[in-house]
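> fold the following, please.
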Amino acid sequence: MKLLTNMEMNTEEEENAKEDGKENNEDANENTHTNLKLCFLCAQPATKTCDNCNLVAFCSENHKKLHRPEKFCFPFMVEQSDDVGRYVVAVRDIEPLELVLWDNAAALGPIMGCSPVCLECLKPVDGSFYCENCNWPACDQECAEGNVHKIECETLKKAKEKVEFTNFKDTHDTYRCIAPLRLLKVKEKASETWERLSYLMDHNDERRKDVEVWDKYQRSINKFLKSSDPNLKDEDMDRAMGLLWTNAFATSDGNDQALFPTFSLMNHSCQPNCAHSVFPNKTVALQARVKILAGEEITISYISTLQGSLKRRMKLHGKWYFYCKCARCMDPTEFGSFTSAHLCQACLCPEGYLLTTDVESESVPWKCVRCDQLSTAEAVIATETQIAMEMQNVDNSLAGFEEFHKYTSTILHPNHYLNIVLKRQLVGLYSDILTQLEAEDLERVKQYCEEVDAVYQIVNPEYQKERGYYLTNLCKIGKLLARKYLSEEKETEKQFSERVEKCIKLFQESQKCNFVQLKTTTESHKSG
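Here you go, the predicted model:
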């Protein structure tokens, strides 16, 4: 992934940040959203305004550093409402691909409910080596003595409730305590970071209602940690667990979860205007996908945007206890993407789509827009679940997925998210043999790419990595078709040139999808 910065985009301004920050603000004043009476982060009375951007105020030196680390002003402030609590807005217009913030992890640890891993590097272990001090599995002596594992090693050593490690494949409940313990160490040793965490929700009041799950966590976290340190308080352990449960997310390798205090202030939208990337140094970078206007909320997606409305509602309420009311969720057609629509099996018309009769309920009937035939929400979700299960058993071949796609095309809208998933799979399989395909097959793969991209442009607009993959394939296919049609004299030199020009534009767009800005370095990397 290529790492760029606003400094690269505006080198002259950054050479004299303070002077040019003021100059830039003269232009920014044409479209800004500020409140210089309150701290941009905590809403306490401000004591000073940023001398560089003049768009943000703060109450302390610590909060100033959070606004402007490494000579770069983050273009946002935190506001609050009765409906959603805290949310983040742009203080000026933010351009596509512009860096919004970066944040360092407050705590990093094994995901909840993982199989045994090394507590230093979080890689799977087989029981061949144990830390001599705490007797928990590790990769080797180097990992056992690592700085990350040192955070909890002494506490684990003192545990009266000894842990047995016999099965290294299945979930080991005691690993649930590691990330909360590390977060509790943050409270002891990094009060500034813990203060930022105080702005986040833990949803423990709602979670306590699920007695079975709550009791499981009480046993594997509170009870075990108290056997190590009797001074630990249930209130603090519950808070640490709730913060992680609500705000942490798994990083790219899948074995660990990280909690980023400032980044976690971002609210969810099923059509987000920002995307994030986590890097090996456990820094998260947040980047604008589209232009964000001053005063507009900055949003991310907590879940994959390529899901149907019923599944999104269930997932969001199941973990975060809210029902999304973003513009996409409030539109039965989801901005004309129809990613949740089923084909009516009564009228069998190409335009006969089943859509929900009430976007704010997951239990109301769905109705055909052509013949008014009704279907229950239970039937809709059952159909999707059945197709998803059958998809997992499809023979991993082009013929298998092409045949299954023909089947699903008789049940689901062409843009239904499961059909888009199938088309993505087909593009992935075809991408390795593009040069072997005839023009007819290339045109079909091209159509798959275009249909996937059309949906992405609605539910996941502008620049993001997955879209870049399909644009790259469209570029490759375009070049192959241009050569074929020219060599077979089916098209003229002029038409060939037009195809090549389109390929160049596709390539340029695909490259933009693979860039992210991080910090203030000019080092560049491409996403893999």
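
> from R312, how far out is the nearest residue to A377 once chain neighbours are set aside?
Closest residue to A377 apart from its sequence neighbours, by CB to CB, 6 or more residues apart in numbering: S363 at 5.5 Å. The C-beta positions use only the backbone N, C-alpha and C, and glycine is treated the same way. To R312, S363 is 15 Å away according to CB to CB, to the nearest Å.

> which one's more surrounded, those two?
Neighbour count, other CB atoms under 10 Å: between S363 and R312, R312 has more, with 28 against 9.

> secondary structure element for the more buried one?
Applying DSSP states H and E as the criterion places R312 in helix 309-320.

> other SSEs contacting that helix?
Helices and strands touching helix 309-320, by 3 or more CB pairs under 8 Å, 6 or more residues apart in numbering; DSSP states H and E, are helix 234-247, helix 377-392.

> name the next helix or strand following it along the chain.
Where DSSP H and E defines the elements, the next helix or strand beyond helix 309-320 is strand 342-343.

> could you give the average pLDDT over that next one?
The average pLDDT for strand 342-343 rounds to 98.

> who touches that strand?
352-354, 366, 375, 380, 383, 410-413, 416 (CB atoms under 8 Å, 6 or more residues apart in numbering).

> mind running it again at 7 Å?
Here strand 342-343 makes contact (CB atoms under 7 Å, 6 or more residues apart in numbering) with 352-354, 380, 383, 410-413.

> now, the residues you listed that are in strands?
Counting by DSSP state E, the contacts of strand 342-343 place 353-354 in strands.

> which among the contacts of strand 342-343 count as buried?
Buried subset of those (neighbour count, 16 or more other CB atoms under 10 Å): 352-354, 380, 383, 411-413.

> make a markdown table out of the residues you listed and add distance to L442 and pLDDT.
Supplementary listing: the buried ones among the contacts of strand 342-343 in a markdown table, determined by distance: CB to CB, whole Å; pLDDT from 0 to 100:
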| residue | distance to L442 | pLDDT |
| --- | --- | --- |
| G352 | 32 | 96 |
| Y353 | 30 | 96 |
| L354 | 33 | 98 |
| V380 | 35 | 97 |
| T383 | 32 | 97 |
| I411 | 27 | 97 |
| L412 | 25 | 98 |
| H413 | 25 | 97 |
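
> got JSON lines for these, with distance to G85 too?
Shown next, in JSON lines, are these (distance: CB to CB, whole Å):
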{"residue": "G352", "distance to G85": "42"}
{"residue": "Y353", "distance to G85": "36"}
{"residue": "L354", "distance to G85": "35"}
{"residue": "V380", "distance to G85": "32"}
{"residue": "T383", "distance to G85": "36"}
{"residue": "I411", "distance to G85": "40"}
{"residue": "L412", "distance to G85": "36"}
{"residue": "H413", "distance to G85": "35"}
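
> which of those residues sits closest to T34?
For the buried ones among the contacts of strand 342-343, the residue nearest T34 by CB to CB is H413; the value is 44.0 Å.

> convert the C-alpha atoms of stretch 393-412 to PDB, please.
Coordinates of each C-alpha in stretch 393-412 appear next as PDB, following Å, rounded to 0.1, in the frame of the first residue of the first chain:
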ATOM      1  CA  ASN A 393     -20.200 -26.200  -1.100                       C
ATOM      2  CA  VAL A 394     -19.900 -25.200  -4.800                       C
ATOM      3  CA  ASP A 395     -17.100 -27.000  -6.600                       C
ATOM      4  CA  ASN A 396     -14.300 -24.400  -6.700                       C
ATOM      5  CA  SER A 397     -14.200 -24.300 -10.500                       C
ATOM      6  CA  LEU A 398     -15.400 -21.900 -13.200                       C
ATOM      7  CA  ALA A 399     -18.100 -24.300 -14.400                       C
ATOM      8  CA  GLY A 400     -19.300 -24.800 -10.800                       C
ATOM      9  CA  PHE A 401     -19.700 -21.200 -10.000                       C
ATOM     10  CA  GLU A 402     -21.100 -20.300 -13.500                       C
ATOM     11  CA  GLU A 403     -23.800 -22.900 -13.000                       C
ATOM     12  CA  PHE A 404     -24.600 -21.700  -9.500                       C
ATOM     13  CA  HIS A 405     -24.800 -18.100 -10.700                       C
ATOM     14  CA  LYS A 406     -27.400 -19.100 -13.300                       C
ATOM     15  CA  TYR A 407     -29.400 -20.700 -10.400                       C
ATOM     16  CA  THR A 408     -29.200 -17.700  -8.100                       C
ATOM     17  CA  SER A 409     -30.000 -15.300 -10.900                       C
ATOM     18  CA  THR A 410     -33.500 -16.800 -11.000                       C
ATOM     19  CA  ILE A 411     -34.100 -16.100  -7.300                       C
ATOM     20  CA  LEU A 412     -32.100 -12.900  -6.500                       C
END
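
> can you list contacts of that stretch?
Contacts to stretch 393-412, defined as CB under 7 Å, 6+ apart, come from residues 342-343, 383, 387, 391, 418-419, 422, 425-426, 429-430.

> buried set for that stretch?
Buried, per 16+ other CB under 10 Å, within stretch 393-412: 401, 404-405, 408, 411-412.

> circling back: quick one: the residue nearest to A377 and R313, what's the gap?
S363 is 10 Å from R313, where distance means CB to CB.

> where are the low-confidence patches of the stretch 151-300 of the chain?
252-254 (pLDDT under 70).

> again, only using 90
Scanning the stretch 151-300 of the chain for pLDDT under 90 picks out 160-162, 249-256, 277-282.

> what about the helices in it?
Per DSSP state H, counting those that start in this stretch, the stretch 151-300 of the chain carries helices over the ranges 178-189, 191-197, 204-207, 211-217, 224-228, 234-247.

> from the buried residues of stretch 393-412, pick the one nearest R444.
Using CB to CB, H405 comes nearest to R444 of the buried residues of stretch 393-412, at 10.6 Å.

> grab the CA positions of the longest helix seen in the chain and hand them over as PDB.
Determined from DSSP state H, the single longest helix within the chain is helix 465-487. The C-alpha coordinates for helix 465-487 follow below in PDB (Å, rounded to 0.1, in the frame of the first residue of the first chain):
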ATOM      1  CA  LYS A 465      -8.900  -1.300  -2.300                       C
ATOM      2  CA  GLU A 466     -11.500  -3.900  -3.500                       C
ATOM      3  CA  ARG A 467     -12.800  -1.600  -6.200                       C
ATOM      4  CA  GLY A 468      -9.200  -1.100  -7.400                       C
ATOM      5  CA  TYR A 469      -8.900  -4.900  -8.000                       C
ATOM      6  CA  TYR A 470     -11.900  -4.900 -10.400                       C
ATOM      7  CA  LEU A 471     -10.800  -1.700 -12.200                       C
ATOM      8  CA  THR A 472      -7.400  -3.400 -12.700                       C
ATOM      9  CA  ASN A 473      -9.100  -6.400 -14.300                       C
ATOM     10  CA  LEU A 474     -11.200  -4.200 -16.500                       C
ATOM     11  CA  CYS A 475      -8.000  -2.600 -17.700                       C
ATOM     12  CA  LYS A 476      -6.400  -5.900 -18.500                       C
ATOM     13  CA  ILE A 477      -9.600  -7.200 -20.300                       C
ATOM     14  CA  GLY A 478      -9.800  -3.900 -22.200                       C
ATOM     15  CA  LYS A 479      -6.300  -4.300 -23.500                       C
ATOM     16  CA  LEU A 480      -6.900  -7.900 -24.600                       C
ATOM     17  CA  LEU A 481     -10.100  -7.100 -26.400                       C
ATOM     18  CA  ALA A 482      -8.500  -4.100 -28.100                       C
ATOM     19  CA  ARG A 483      -5.800  -6.300 -29.500                       C
ATOM     20  CA  LYS A 484      -8.100  -9.100 -30.500                       C
ATOM     21  CA  TYR A 485     -10.600  -6.900 -32.300                       C
ATOM     22  CA  LEU A 486      -7.900  -5.000 -34.100                       C
ATOM     23  CA  SER A 487      -6.000  -8.100 -35.200                       C
END
